[in-house]
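Asker: Got a sequence here, can you build the structure:
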Amino acid sequence: MNLKKLNIQYFRHMKNVEVEFGEYLTVISGLNGTGKSSVLGLAGHIFSFREGPQKFEYKTLSNKPFETEYSEIFKFCPKHDLNKVYEYTAYVIDDNGNEIIKSAKSRYVKAENRFRIDVGKRTEEKEGKIHHPVIYLGLRRLYPIAEERDEDIVVDDVPLEKGDITFYKRESDEVFVSLDKTISPQHVKTKHKDFFAIETHNYSTFGNSAGQDNLGQILTAILSFKKLNPPRGLLLIDELDTALFAGAQINLIKRFYGYARRYNLQIVFTTHSLKIAEFLLNSEYDGVRINFLEIRNGKVINTIQPDFSYIKSRILREIKEKATIEKINLLCEDHVSSVWCKNILNGTDLKKLVQVYAAEMSSGSLVKFAARKLPCLKKFVFILDGDARNKPELKKLKNVIFLPEDRPPETVFYKFLKDLSDDDKFWGGERIFYKDTCFRDYPNRKTLTDHKKWFKSNETNFGRGCSNLLNRWKEDKKNIKSRDIFIRDLQRAIKNIK
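Answerer: Predicted coordinates for the structure are as follows:
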């Protein structure tokens, strides 16, 4: 079960706002007062985990139902809310891949002096909320234990299974990377929270920092989902980064991604952390969506998957500095390889990021050059012809990629043109260049030496920069995939360098 999208038609200052959710992680970022917490409340409200009207199937380790009510998040104002009709629509993908669409609408129950938001058709069986476990961790979790009254604090020996204790200890130590290792999770209950806190060699829960307290409650929630059979659910966290230093934030995000994939979870959180946004936008994680909320002309606008520079500029209220692009150098084997490489990059975003050169050396020499890892070559990607693809010494080099196909470029194009029909659109033109002319001096040749001579003798007939030939090659359906693989491999190589 995955929440895919919320379409908020009207909720307070949000009108026609669409929010997208990742299969694993979803970030709700933005400026204050833009409705980030409201998104969490609306998302959680469409799910319930009851067997009947009042009976809960399971409880969390904090002894609460696996669901959240909007009253946990919203306090409705008699002056501004009760005379409004709020509406939103949720799009959910069930375990069979089918889309479920749920509409929710507010109403004021005068007899109860109560504001309600109804999901689906409440009067019809199975037409209300969707059966799915949810945990919401609000700002109440950050209430300092030092400010609790002593008589409201209970520390007891609520048991955890051995595997869960090992999990808790390992995960808390991975996030904080502290020399003071966790001995065990310690169950704590106060007026504001019920969770497993961190106990170390030097202090008990009473000595926990706010960050450790925050992490303890998050791990308690993860363990609650983990104990379901099968593990699954939606975890909603308001202000995830509060009281966590930058390194701990990133470590936690890495752990989150593992939890989400391992336990079939969707983790949705609000944050102002630039470090988290930058890390996720630069990562290769799939199933991640970032939503950035802001107010323009009195309307809430959501930008989905924005550039990090945009997020930074808006959060810090800075003007975006003009970027100076430090280009990556692409070193090809020879002139023909470099011309092909440039042509493939035409029309892509990569073109402005790179400078292409011809080394005029054999693949063997170029490989030796790449393998030396000289500091002066840190900004280089080595582009080898496809016939070098299977050399075992190249498998560990992340700065080496290969041109399409498994043959030298001249052989690739010799065969490509040889297989073209005589009446293909490539032939003819102003130069009256036809197939019989192209292969007049080199019919049915099989050696690379002959192919190189053939290419050189015809290069002027292939158009400026061989564009007529190379563009025709790119148009061929069977070549589109190999072209896309080359672009993907180059993107990864550039990312490794950066």
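Asker: In stretch 407-421, which residues are buried?
Answerer: In terms of neighbour count (16 or more other CB atoms under 10 Å), stretch 407-421 has its buried residues at Arg407, Pro408, Pro409, Glu410, Thr411, Val412, Phe413, Tyr414, Phe416, Leu417. In this view, the C-beta of every residue, glycine as well, is placed from N, C-alpha and C.
Asker: again, but for stretch 104-116
Answerer: Burial within stretch 104-116, assessed by neighbour count using 16+ other CB under 10 Å, is assigned to Ala104, Lys105, Ser106, Tyr108, Phe115.
Asker: cool, stretch 214-229 as well?
Answerer: So stretch 214-229, judged by 16+ other CB under 10 Å, has buried residues 214-226, 228.
Asker: And the buried residues of stretch 104-116, which two are furthest apart?
Answerer: Across the buried residues of stretch 104-116, the two members that end up farthest from each other (CB to CB) are Ala104 and Tyr108, 14.8 Å apart.
Asker: just the helices in the stretch 251-400 of the chain please.
Answerer: The residue ranges that make up the helices of the stretch 251-400 of the chain, judged by DSSP state H, counting those that start in this stretch, are 274-282, 308-316, 335-345, 363-371.
Asker: So for Gln9, which of these sits nearest?
Answerer: Nearest to Gln9, of all the helices of the stretch 251-400 of the chain, is helix 308-316, at 25.0 Å by CB to CB.
Asker: Now do the closest one: which elements does it pack against?
Answerer: Judged by 3 or more CB pairs under 8 Å, 6 or more residues apart in numbering; DSSP states H and E, the packing partners of helix 308-316 are strand 25-30, helix 274-282, strand 288-296.
Asker: what about the first one, average pLDDT?
Answerer: Strand 25-30 shows an average pLDDT of 96 in the prediction.
Asker: Just checking: what are the partner strands of that strand?
Answerer: Sheet partners assigned to strand 25-30 using DSSP bridges are listed as strand 265-271 (parallel), strand 288-296 (parallel).
Asker: how about those strands, which one is nearest Tyr168?
Answerer: The stretch from these with the least distance to Tyr168 (CB to CB) is strand 265-271; that distance is 16.6 Å.
Asker: quick check: angle from the closest one to helix 274-282?
Answerer: When axes from the mean of the first three to the mean of the last three CA atoms, to 10 degrees is applied, the directions of strand 265-271 and helix 274-282 differ by 130 degrees.
Asker: Redo the buried residues of stretch 104-116 as a markdown table? Include pLDDT, distance to Ile135 and secondary structure.
Answerer: Rendered in a markdown table, the data for the buried residues of stretch 104-116 read as follows (pLDDT from 0 to 100; distance: CB to CB, whole Å; DSSP: H, G, I helix; E, B strand; the rest coil):
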| residue | pLDDT | distance to Ile135 | secondary structure |
| --- | --- | --- | --- |
| Ala104 | 91 | 20 | strand |
| Lys105 | 91 | 25 | strand |
| Ser106 | 85 | 24 | strand |
| Tyr108 | 78 | 29 | strand |
| Phe115 | 77 | 24 | strand |
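Asker: Out of those, which is nearest to Asp164?
Answerer: In terms of CB to CB, no member of these lies closer to Asp164 than Ala104, at 35.1 Å.
Asker: before we move on, back to that, need the winner for burial among the strands paired with strand 25-30.
Answerer: Of the strands paired with strand 25-30, the one with the most neighbours on average (mean count of other CB atoms under 10 Å) is strand 265-271, at a mean of 25.
Asker: Wait, Lys169 touches Pro185, no?
Answerer: Yes. Counting by CB atoms under 8 Å, Lys169 sits close enough to Pro185 to count as a contact (7.5 Å).
Asker: In terms of packing, which of those two has more residues around it?
Answerer: Neighbours per residue, other CB atoms under 10 Å: of Lys169 and Pro185, the larger number sits with Pro185, 25 against 19.
Asker: Looks to me like that one is in a strand.
Answerer: Yes. If the criterion is DSSP: H, G, I helix; E, B strand; the rest coil, then Pro185 is within a strand.
Asker: That one reaches Leu160, doesn't it?
Answerer: Yes. Checked against CB under 8 Å, the pair Pro185 and Leu160 is within contact range at 6.2 Å.
Asker: Now list whatever residues contact both of these two.
Answerer: When CB atoms under 8 Å, 6 or more residues apart in numbering defines a contact, the residues bordering Pro185 and Leu160 alike are Tyr168, Phe196.
Asker: Tell me the secondary structure at the closest residue to Phe21 other than its chain neighbours.
Answerer: Take Phe21 and drop its neighbours on the chain: the residue closest to it by CB to CB, 6 or more residues apart in numbering is Leu3, 4.8 Å away. Here Leu3 takes the strand state, with states given by three-state DSSP.
Asker: show me what contacts Leu3?
Answerer: Contacts for Leu3 were tallied using CB under 8 Å, 6+ apart; they are Phe21, Ala43, Ile46, Ala90, Tyr91, Val92, Leu234, Gln266, Val268.
Asker: So which of those residues sit within helices?
Answerer: Among the contacts of Leu3, the residues falling in helices (DSSP state H) are Ala43.
Asker: quick one on the thing from earlier: just the ones in helices from the buried residues of stretch 407-421, please.
Answerer: Secondary structure assignment by DSSP H places Pro409, Glu410, Thr411, Val412, Phe413, Tyr414, Phe416, Leu417 of the buried residues of stretch 407-421 in helices.
Asker: per-residue confidence at the third one?
Answerer: Per-residue pLDDT puts Thr411 at 95.
Asker: swap in the last one?
Answerer: pLDDT recorded at Leu417 is 95.
Asker: related to what we said a few turns ago, how about TSV for the contacts of Leu3, with distance to Asp173 and pLDDT added?
Answerer: Formatted as TSV, the entries for the contacts of Leu3 read as follows, by distance: CB to CB, whole Å; pLDDT from 0 to 100:
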residue	distance to Asp173	pLDDT
Phe21	30	97
Ala43	31	94
Ile46	36	93
Ala90	37	95
Tyr91	39	96
Val92	36	95
Leu234	27	97
Gln266	26	97
Val268	26	97
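Asker: of the contacts of Leu3, closest to His132?
Answerer: Comparing these against His132 with CB to CB places Leu234 closest, at 6.5 Å.
Asker: thinking again about what came up before, please name whichever of the helices and strands packed on helix 308-316 is nearest to Trp340.
Answerer: Using CB to CB as the measure, helix 274-282 is the one of the helices and strands packed on helix 308-316 that comes nearest Trp340, at 29.4 Å.
Asker: Just want the angle from the closest one to helix 308-316.
Answerer: Going by the same axes, to 10 degrees, helix 274-282 makes 160 degrees with helix 308-316.
Asker: Val367 is in contact with Lys391, correct?
Answerer: Yes. Counting by CB under 8 Å, a contact exists between Lys391 and Val367, whose distance comes to 7.0 Å.
Asker: Show me the strands in the stretch 351-498 of the chain, by range?
Answerer: 354-358, 380-384, 400-402 (DSSP state E, counting those that start in this stretch).
Asker: Show me what the first one is packed against.
Answerer: Think strand 354-358. strand 328-332, helix 335-345.
Asker: Identify the farthest-apart pair in the buried residues of stretch 407-421.
Answerer: By the measure CB to CB, Pro408 and Leu417 form the most distant pair in the buried residues of stretch 407-421, at 14.8 Å.
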